[in-house]
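K.L.:
This is a predicted model, with the sequence first.
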Amino acid sequence: MSASLLRRGLELLEPPGRAKAPPGLQRSRAGPRAARAARRRKRAPEPGRNKATVKGRVVKSAIEEYHKKKPVDHLRENLQYMLKGRLVADKAITEQVLAQNRGRKSKDQPPEKTEKKKPEGTVFTEEDFRKFEREYFGIP
């Protein structure tokens, strides 16, 4: 995205009371001479100490640097923070939030729960089977 588009977008987001962007975002259109002068001003070195010299430099202890950057264990504070608030949200509200955060794609949807069918018993009784056996096989 170009700087001009970004500037236009920022102008649209400005509150109605302010008309112009802050001076840092404004660009003067005085011409190429002014632009070269601004570049020269930016390149000018700041007055201060020369960083190439060793004079005034403090030697840092490697052990102190290690202790500064050593990872800190925040487990206790985090546990206290988590256990402090015991407010449990209503189940309907949590389901609603989860449904809103879920995507619309089929892969994001939870699998539908199907009710298990109970195995059906036979319609015929044992007496019916015996009767059929007698008629079909001819056994008295």
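P.N.:
Alright, I've got the coordinates. None of the values given here were measured: they were computed from a predicted structure.
K.L.:
least trustworthy helix or strand in this structure by mean pLDDT?
P.N.:
Among the helical and strand segments of the chain, the one scoring lowest on mean pLDDT, DSSP states H and E is helix 32-43, with a mean of 68.
K.L.:
could you dump the helix or strand following that helix to PDB, C-alpha only?
P.N.:
Along the chain past helix 32-43, the next helix or strand (assigned with DSSP states H and E) turns out to be helix 62-69. Extracted as PDB, the C-alpha positions of helix 62-69 are listed here (Å, rounded to 0.1, in the frame of the first residue of the first chain):
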ATOM      1  CA  ALA A  62      28.600 -11.800  31.800                       C
ATOM      2  CA  ILE A  63      27.100 -13.300  34.900                       C
ATOM      3  CA  GLU A  64      25.000 -10.300  35.600                       C
ATOM      4  CA  GLU A  65      23.700 -10.300  32.000                       C
ATOM      5  CA  TYR A  66      22.900 -14.000  32.300                       C
ATOM      6  CA  HIS A  67      20.900 -13.300  35.500                       C
ATOM      7  CA  LYS A  68      19.100 -10.400  33.900                       C
ATOM      8  CA  LYS A  69      18.000 -12.500  31.000                       C
END
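K.L.:
helix or strand right after helix 62-69?
P.N.:
On the C-terminal side of helix 62-69, the nearest following helix or strand under DSSP H and E is helix 75-84.
K.L.:
Quick check: buried residues in that following helix?
P.N.:
Residues of helix 75-84 classed as buried under the neighbour-count rule (16 or more other C-beta atoms under 10 Å) do not occur. For glycine as for every other residue, the C-beta is placed from the backbone atoms N, C-alpha and C.
K.L.:
Much appreciated, bye for now.
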